[in-house]
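**Student:** how would this look folded up:
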Amino acid sequence: MESSDRRIRILEHVRERGELAVAELAERLQATPATVRRDLRLLEARGLVRRSYGMIAAVERSRFETPLAWRASSHPDEKSAIADAAVGLLSTETSVYIDEGVTARMVATRLPSDRPLTVVTPSIPVAAELAASTPHEVLVLGGRVRGRTLGAVDHWAREMLSGFAIDIAFLGANGVTMEAGLTTPDPAVATIKAMAVQVSQRRVFVGDHGKFGVTSFARFAHVSDIEVFVTSERLPLSQARRFMQYGSQLLRV
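**Tutor:** Predicted coordinates:
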């Protein structure tokens, strides 16, 4: 197999599964692990995959996002701990923005029920879950609903969101770097996230360690826009300290 064809197939396999071990990739391609590692180094240099703890994960770029089922099942304990820590940041806030995405949805399920909050969200699953089982007032943004995430986007959602003044926003991202900031593959999603940043007094990022060091396509915030980054201890401390140099707090849980 030509090297270019092999790299295309590597991307196809990793994007289909979300994450694969090198040995499994080599077996699928009938290539040696050394050959696959050379291809992976090149793909990683191009920002198409990332290597972590012996696993290869697909980087979400324009026109590609990992399957929702894989995201929901990937690192559940890590995401659960992040959500618990994020909710602990709530103080006297009465209005909350909950982003679309798996970790943000976990934050929503942990919101305190002993006092009513006003929750604004583009996520249909988050809105349905909170409205059915909590005392909170839930405002779901209107607009086109993306089939991949069941989140509302486009100008209807943006205009509705622009009329609010929200105390705290819990935001996700597909990639976070010092240089590119917080990014996501779809510009329509980035527009909603950017408006949430603009109308919120406090902004909290929630996401697993794999989001860091990755650049997606559309930027919606700079690192300095985020008050607190909440992630896991799997993010190296040396990398975490870089973010704190910009005045942001970073919690590793």
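**Student:** list the contacts for residue 120?
**Tutor:** By Cβ atoms under 8 Å, 6 or more residues apart in numbering, the contact set of residue 120 is 95-98, 139, 141, 161, 164, 166. No exception for glycine: its C-beta is placed from N, CA and C like everyone else's.
**Student:** most neighbours, which of those?
**Tutor:** Using other Cβ atoms under 10 Å as the neighbour test, the contacts of residue 120 are led by residue 97, with 29 neighbours.
**Student:** So what pairs up with that residue in the strands?
**Tutor:** residue 120, residue 169 (DSSP bridges).
**Student:** How about the secondary structure of residue 25?
**Tutor:** Assigned with DSSP: H, G, I helix; E, B strand; the rest coil, residue 25 falls in the helix class.
**Student:** next helix or strand past the lowest-mean-pLDDT helix or strand in the chain?
**Tutor:** Every helix and strand of the chain was ranked by mean pLDDT, DSSP states H and E. The lowest is helix 68-73, at a mean of 61. Counting by DSSP states H and E, the element after helix 68-73 in chain order, helix or strand, is helix 76-87.
**Student:** nearest to residue 80, of the contacts of residue 120?
**Tutor:** Using Cβ to Cβ, residue 98 comes nearest to residue 80 of those, at 15.9 Å.
**Student:** got a pLDDT number for the spatially most central residue of the chain?
**Tutor:** Using Cα atoms, centre = their mean, the residue of the chain that lies closest to the mean C-alpha position is residue 173, 3.3 Å off. Turning to residue 173, the model gives it a pLDDT of 96.
**Student:** Phi first, then psi, for it.
**Tutor:** The phi and psi values for residue 173, taken as degrees, to the nearest 10, are phi -160, psi 160.
**Student:** Would you mind stating the distance between it and residue 86?
**Tutor:** 14 Å (Cβ to Cβ, to the nearest Å).
**Student:** Give the residue spans of the stretch 51-200 of the chain that score low on pLDDT.
**Tutor:** By pLDDT under 70, the low-scoring segments of the stretch 51-200 of the chain are 61-73.
**Student:** Tell me where it has helices.
**Tutor:** 68-73, 76-87, 102-109, 124-133, 154-162, 187-199 (DSSP state H, counting those that start in this stretch).
**Student:** out of the contacts of residue 120, who's nearest residue 218?
**Tutor:** Nearest to residue 218 among the contacts of residue 120: residue 161, at 16.8 Å, using Cβ to Cβ.
**Student:** so what's that closest one up against?
**Tutor:** Residue 161 neighbours (Cβ under 8 Å, 6+ apart): 120, 122, 141, 192, 195-196, 199.
**Student:** okay, those residues in a markdown table with distance to residue 44 next?
**Tutor:** Formatted as a markdown table, those follow (distance: Cβ to Cβ, whole Å):
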| residue | distance to residue 44 |
| --- | --- |
| 120 | 37 |
| 122 | 32 |
| 141 | 36 |
| 192 | 30 |
| 195 | 33 |
| 196 | 31 |
| 199 | 36 |
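**Student:** Of the residues you listed - the most surrounded one?
**Tutor:** For those, the largest number of neighbours (other Cβ under 10 Å) sits with residue 122, at 31 neighbours.
**Student:** returning to that earlier point: most tightly packed of the helices of the stretch 51-200 of the chain?
**Tutor:** Highest mean neighbour count among the helices of the stretch 51-200 of the chain (mean count of other Cβ atoms under 10 Å): helix 102-109, with a mean of 23.
**Student:** Next, the angle from that one to helix 76-87.
**Tutor:** Between helix 102-109 and helix 76-87, the angle comes out at 50 degrees (axes from the mean of the first three to the mean of the last three Cα atoms, to 10 degrees).
**Student:** Quick one: list the elements packing against helix 102-109.
**Tutor:** Packing partners of helix 102-109 (3 or more Cβ pairs under 8 Å, 6 or more residues apart in numbering; DSSP states H and E): helix 68-73, helix 76-87, strand 95-98, helix 124-133, strand 166-171, strand 200-206.
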